[in-house]
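A.B. asks: Below are the sequence and a predicted model for it; my questions follow.
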Amino acid sequence: MTEPGPTASLGGTLEKELLGAIPRAQAAKLPGPSPLLNGPGSLAKLIISPDTLRLLPAEFAKNNGVLPLQLFNGTIEIATADPGNLRVIEDIRLLTGLEVQEVRVTAQEISEKIAECYQVTVEKMIESLSPEQGAGIEGRNLHDIEVMANEPTVINLVNLVISTALRERASDIHLVPFEDSVQLRYRIDGLLQEKPPPPKPLHAAIVSRIKIMADMNIAERYMPQDGHIQINHRGVRVDIRVGTLPTIYGEGVVLRLLEKNAEVMTAQELGLDPARGIQMMRLAEKPYGLFLATGPTGSGKTTTLYSVLRSIYTPQKKIVTIEDPVEYELPGVAQIPVRPSRNFTFANGLRSILRQDPNIIMVGEIRDSETAEIAIRAALTGHQVFSTLHTNDSTGAVTRLLDMGVEAFLISSSLEGVLAQRLVRRICAHCKAHAPVDPAVRERLETLGAPVPDTNYYRGAGCDECRQTGYRGRVGIFELLAINNEMKELILQKRSNAELKAMARKTMLTMHQDALLKAAAGVTSLEEILRVSSGDLLE
């Protein structure tokens with residue numbers, strides 16, 4: 001039996017290449033412009049039919065940097081950044097039985113388009129699932145559901161949902177069951193975006209698969225549960241917080257995605273202007289006292305405190321944090337997660353930390369009067385203490401502590417500064433353009449007591465980079481309250497939040513002023529400010 005020659009394998013023109021029988025430039029029709037491509041960037045917008053893509057295997061296209069565009073007159077037209085490559089051309093002829101016409105594109109264009117065309121997406125996988133898959137699973141026993149949760153189809157679908165969310169910069173994944181369907185949504189830049197849902201019959205198996213990954217009890221389906229998954233995605237360690245909640249149609253699941261290797265941002269990257277960044281650092285560098293970051297859930301309070309801790313860290317200072325959970329790892333900082341199931345709470349943990357001789361303490365959140373009093377007394381006994389509170393503005397932190405039962409004299413003596421914040425979406429840099437102020441938006445802002453100055457404003461037109469939303473990424477809007485002697489006196493007198501706010505406005509740039517400045521600078525839009533504030537930060 002004769003051994004197969006070099007031409008029997010892909011890349012099988014080895015003999016011809018060695019003999020130089022076919023000059024490189026004549027290996028295919030000379031590359032020229034395709035009627036499908038009409039300029040730089042047109043490849044990204046081109047829709048290639050599935051039948052054309054199937055002519056070349058995905059691995060071959062990725063390994064060789066080629067992409068089939070169309071068929072005509074017994075010829076396959078391909079896009080490539082390396083036209084005239086004899087080996088690749090002959091391989092394509094062997095695979096397809098067609099002549100080859102090449103079109104030159106940039107390496108980046110071809111790489112991105114290959115990834116788009118050949119990657120398995122959640123949409124494509126869900127389309128391939130038949131409605132009958134998993135039918136009647138609700139009536140099956142626990143063993144059957146667990147078996148199905150370990151089937152390749154379910155495993156691959158869950159992995160794909162998570163990896164796609166990470167690729168799209170999502171912070172959360174929401175899976176909610178209804179009577180005849182399942183809702184799948186990603187939270188991207190603070191807004192939920194709906195995705196094609198998996199078949200309803202697979203819902204129980206998908207939830208069970210997530211529970212298995214998070215080391216949760218798959219037999220318990222009628223009580224809320226919390227779990228944790230750790231994965232590596234493209235070389236980045238990702239922690240996923242999992243929470244389940246029983247509904248009338250099954251368990252809803254939320255997965256929060258935290259990239260542990262992510263860089264902690266500087267004050268300027270967060271959105272603080274240089275002057276207030278310097279002022280915040282002066283407050284944070286005091287040898288003792290309490291500094292609070294306030295705002296609603298998801299407003300970036302913890303990220304801000306991480307930025308401060310990174311800026312003030314030196315090997316001469318011992319910094320200890322207690323958090324729920326530890327979101328990012330800070331070099332040189334001892335970080336402790338709370339364990340409520342073992343009665344290791346913020347209050348208990350804070351007491352233990354004080355016995356470790358720290359210079360700086362960060363408490364993830366002040367949730368009750370016990371934690372508040374311990375934190376404030378620590379600030380009065382020579383420690384720098386940082387923490388967060390859920391309040392709408394900076395002066396609201398004082399009234400919240402008073403409501404918790406903390407004595408006014410303790411607040412007045414310990415509190416050094418409060419940074420209140422929200423997150424707004426950034427206008428996409430690729431499609432940002434001048435835009436007139438919508439009369440309805442102007443009227444709404446004026447009604448709220450925030451007249452819009454006559455200046456240029458911007459809006460995102462929508463492009464591929466921002467998925468037609470006009471926004472990409474987020475930035476903070478802030479108000480920084482430094483507790484001066486006049487403010488301390490008002491706190492001692494237990495004055496109302498309105499009186500505290502009136503005093504603060506004499507020296508403080510408010511959140512609504514900061515928001516309007518960012519809108520005028522083209523960082524965000526007036527519509528986004530109204531969406532985030534709902535009017536309360538503009539009062």
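C.D. replies: Received, thanks.
A.B. asks: got a list of what the residue nearest to residue 180 when sequence neighbours are not counted touches?
C.D. replies: Of all residues not flanking residue 180 in the chain, residue 200 sits nearest, at 6.1 Å (C-beta to C-beta, 6 or more residues apart in numbering). Any C-beta I mention is one placed from the backbone N, CA and C, and that applies to glycine too. Neighbour list for residue 200: 177, 180-182 [criterion: C-beta atoms under 8 Å, 6 or more residues apart in numbering].
A.B. asks: And stretch 224-232, what's buried?
C.D. replies: By neighbour count on 16 or more other C-beta atoms under 10 Å, the buried set for stretch 224-232 is 225, 227, 229.
A.B. asks: C-alpha coordinates for that stretch, PDB please?
C.D. replies: Taking Å, rounded to 0.1, in the frame of the first residue of the first chain, the C-alpha atoms of stretch 224-232 are listed here in PDB:
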ATOM      1  CA  PRO A 224     -33.400  31.500  48.900                       C
ATOM      2  CA  GLN A 225     -29.700  30.400  48.600                       C
ATOM      3  CA  ASP A 226     -26.400  32.100  48.100                       C
ATOM      4  CA  GLY A 227     -23.300  30.600  46.500                       C
ATOM      5  CA  HIS A 228     -20.000  31.400  44.900                       C
ATOM      6  CA  ILE A 229     -18.300  30.400  41.600                       C
ATOM      7  CA  GLN A 230     -14.700  31.100  40.700                       C
ATOM      8  CA  ILE A 231     -13.600  30.700  37.000                       C
ATOM      9  CA  ASN A 232     -10.700  31.800  34.800                       C
END
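A.B. asks: thinking again about what came up before, quick check, nearest of the contacts of residue 200 to residue 253?
C.D. replies: Using C-beta to C-beta, residue 177 comes nearest to residue 253 of the contacts of residue 200, at 9.2 Å.
A.B. asks: Tell me which residues touch that closest one, please.
C.D. replies: Contacts of residue 177 by C-beta under 8 Å, 6+ apart are 183, 200, 203, 247, 249-252.
A.B. asks: which ones among these are found in helices?
C.D. replies: With DSSP state H as the criterion, helices contain residue 203 from among those.
A.B. asks: Please spell out the ChimeraX selection for the buried subset of the contacts of residue 177.
C.D. replies: A single ChimeraX command selects the buried members of those (16+ other C-beta under 10 Å):
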select :200,203,249,250,251,252
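A.B. asks: what's the closest of the contacts of residue 177 to residue 117?
C.D. replies: residue 183 (27.9 Å).
A.B. asks: Relative to residue 298, how far out is that closest one?
C.D. replies: 20 Å (C-beta to C-beta, to the nearest Å).
A.B. asks: swap in residue 359?
C.D. replies: 30 Å.
A.B. asks: For the stretch 401-539 of the chain, which segments are assigned as strands?
C.D. replies: 415-427, 432-435, 457-460, 471-482 (DSSP state E, counting those that start in this stretch).
A.B. asks: Tell me which of the ones you listed is the most buried.
C.D. replies: strand 415-427 (a mean of 25; mean count of other C-beta atoms under 10 Å).
A.B. asks: how distant is that one from the center of its chain?
C.D. replies: 18 Å (C-alpha atoms, centre = their mean, to the nearest Å).
A.B. asks: could I have it exported to CSV, CA atoms only?
C.D. replies: This file holds the C-alpha atoms of strand 415-427, laid out as CSV (Å, rounded to 0.1, in the frame of the first residue of the first chain):
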residue,chain,number,x,y,z
LEU,A,415,-16.9,62.4,60.9
GLU,A,416,-14.4,64.1,58.7
GLY,A,417,-15.9,63.8,55.2
VAL,A,418,-18.7,62.3,53.1
LEU,A,419,-18.5,61.5,49.3
ALA,A,420,-22.0,61.0,47.8
GLN,A,421,-22.1,59.5,44.3
ARG,A,422,-24.1,58.1,41.4
LEU,A,423,-23.0,56.4,38.2
VAL,A,424,-24.1,57.7,34.8
ARG,A,425,-23.3,56.2,31.4
ARG,A,426,-20.6,57.8,29.3
ILE,A,427,-21.4,58.9,25.8
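A.B. asks: what angle do that strand and strand 471-482 make?
C.D. replies: 160 degrees (axes from the mean of the first three to the mean of the last three C-alpha atoms, to 10 degrees).
A.B. asks: packing partners for strand 415-427?
C.D. replies: helix 274-284, strand 289-294, helix 301-312, helix 396-403, strand 457-460, strand 471-482, helix 511-520, helix 526-533 (3 or more C-beta pairs under 8 Å, 6 or more residues apart in numbering; DSSP states H and E).
A.B. asks: Could you dump those into CSV with distance to residue 447 added?
C.D. replies: Shown next, in CSV, are the helices and strands packed on strand 415-427 (distance: least, C-beta to C-beta, whole Å):
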stretch, distance to residue 447
helix 274-284, 28
strand 289-294, 26
helix 301-312, 29
helix 396-403, 23
strand 457-460, 18
strand 471-482, 20
helix 511-520, 13
helix 526-533, 11
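A.B. asks: So which residues of the stretch 251-400 of the chain form strands?
C.D. replies: 289-294, 319-323, 334-337, 360-363, 384-389.
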